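Trainee: Show me how the following folds:
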Amino acid sequence: MEALARLAMDGDADARRMRVEIVSTWPEVVFLFEDGTAHRFQSVGTLSGHWQMLGHRRATTINGAALADAIIELFGGRK
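Mentor: Predicted structure coming up:
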């Protein structure tokens, strides 16, 4: 997340096109790229293709451009 924030502050166009998905029902963060690939970060030993808990998977997806704008608004761009 810190690396993404730094790219956003530098005005990196790729950072603005990606999406970040944060799962609230188990520990998982997914970085979704423009070409359709996804990089999943989960607890060690879990299988990304298997359901981690009972119930529904709930997640919030944050648009990269919105995240970049919020970071710049809060912290300013790099000088």
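Trainee: In three-state terms, label Ala66 for me.
Mentor: Here Ala66 is recorded as helix under DSSP: H, G, I helix; E, B strand; the rest coil.
Trainee: what's around it, how many residues?
Mentor: Other residues lying near Ala66 total 12 when counted by other C-beta atoms under 10 Å. (C-beta placed from N, C-alpha, C; glycine too.)
Trainee: repeat for Ala68
Mentor: Neighbourhood size, Ala68 [other C-beta under 10 Å]: 24.
Trainee: Contacts only, for it.
Mentor: Ala8, Met9, Ala15, Arg16 (C-beta atoms under 8 Å, 6 or more residues apart in numbering).
Trainee: So the second one sits against Ile72, correct?
Mentor: Yes. Look at Met9 against Ile72 with C-beta atoms under 8 Å: they come within range, at 6.3 Å.
Trainee: overlap in contacts of the two?
Mentor: Joint contacts of Met9 and Ile72 (C-beta under 8 Å, 6+ apart) do not exist.
Trainee: picking that back up, just flag the most distant two among the contacts of Ala68.
Mentor: Within these, Met9 and Arg16 form the most distant pair, 11.5 Å apart (C-beta to C-beta).
Trainee: moving C-terminal of the lowest-mean-pLDDT helix or strand in the chain, what's the next helix or strand?
Mentor: Lowest by mean pLDDT, DSSP states H and E among the helices and strands of the chain is helix 2-9, with a mean of 78. Remark: after helix 2-9, the chain's next helix or strand is helix 13-17, criterion DSSP states H and E.
Trainee: which other residues reach the helix or strand that that next one is followed by?
Mentor: Remark: after helix 13-17, the chain's next helix or strand is strand 19-23, criterion DSSP H and E. Contacts with strand 19-23, where a contact means C-beta under 8 Å, 6+ apart, come from 1, 4, 28-32, 57-64, 67.
Trainee: residue nearest the centroid of this structure?
Mentor: The chain has Val20 as the residue nearest its centroid, 2.2 Å off, counting by C-alpha atoms, centre = their mean.
Trainee: Any figure for the gap between it and His39?
Mentor: Noted for Val20: a distance of 10 Å to His39, by C-beta to C-beta, to the nearest Å.
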